[in-house]
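Visitor: okay, here's the prediction I keep looking at, along with the sequence it came from:
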Amino acid sequence: MALTLLVATPAWAYPRVATETTTAENAPFRAKLILNASIARRAATTLRSIAKQQAPAKLSATEKKRFAEHSKWLSDSAAKMEAVHERMQKVLAKGDKAPATEIATMSMEFVNLRDAIEAEARRFADLKPAAARHAAAMNAVRAEK
């Protein structure tokens, strides 16, 4: 005769599914994503408005060309920020059901884009006619006031 021993296994002993997370686990990642989404939206709006500024009068042909390149770069950067913001909003729309990994990945995507924009911006650091607008653009990207 065999003796069977039944032992109750606590719930914490079972591995959870990777996509299963609780609201408490998502909270810090979600808060950071909300902040980053807000920064991305403001930066996109600021970059877009700065890109529309007219070139100052009395620029040389080379300066006009570089100023136009700077304007195009600002518009392109604004479009990239808007695209990231839209993807962030889609993740945030999932509410508490969004996995923490997806939320954290979106925040990292924003950080990587911000770093890439700052690296690209170095091309225009010496453009004197656009110095003020370039500084304003970088402040928007860095979320400085």
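Guide: Sure thing, it's come through. No experiment lies behind these values; they were computed from the predicted model shown.
Visitor: residue 70 contacts residue 126, correct?
Guide: No: assessed by C-beta atoms under 8 Å, residue 70 is found out of contact with residue 126, at 11.1 Å. Every residue, glycine included, has its C-beta placed from N, CA and C.
Visitor: pick out whichever of these two has more residues nearby.
Guide: Taking other C-beta atoms under 10 Å, residue 70 and residue 126 do not tie; residue 70 has more neighbours (23 against 10).
Visitor: so who does the more buried one touch?
Guide: Shown in contact with residue 70 (C-beta atoms under 8 Å, 6 or more residues apart in numbering): 124, 127, 130, 133, 134.
Visitor: the last one and residue 121 touch, don't they?
Guide: Meaning residue 134. Yes: between residue 134 and residue 121 a contact is recorded at 7.1 Å, counting by C-beta under 8 Å.
Visitor: residue ranges with poor pLDDT in the chain?
Guide: Where the chain drops to pLDDT under 70, the residues are 1-24, 144-145.
Visitor: excluding chain neighbours, what is closest to the spatially most central residue of it?
Guide: Nearest to the mean C-alpha position of the chain, by C-alpha atoms, centre = their mean, lies residue 110 at 2.4 Å. Excluding its sequence neighbours, the residue lying closest to residue 110 (C-beta to C-beta, 6 or more residues apart in numbering) is residue 36, at 4.5 Å.
Visitor: mind listing what that neighbour touches?
Guide: Contact analysis of residue 36 by C-beta under 8 Å, 6+ apart lists 88, 106, 107, 110, 111.
Visitor: make JSON lines from those and add distance to residue 82 and secondary structure to it.
Guide: JSON lines is the format used below for these (distance: C-beta to C-beta, whole Å; DSSP: H, G, I helix; E, B strand; the rest coil):
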{"residue": "88", "distance to residue 82": "11", "secondary structure": "helix"}
{"residue": "106", "distance to residue 82": "14", "secondary structure": "helix"}
{"residue": "107", "distance to residue 82": "17", "secondary structure": "helix"}
{"residue": "110", "distance to residue 82": "12", "secondary structure": "helix"}
{"residue": "111", "distance to residue 82": "17", "secondary structure": "helix"}
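Visitor: looking at the residues you listed, spot the one nearest residue 97.
Guide: The closest of the contacts of residue 36 to residue 97 turns out to be residue 106 (C-beta to C-beta; 14.5 Å).
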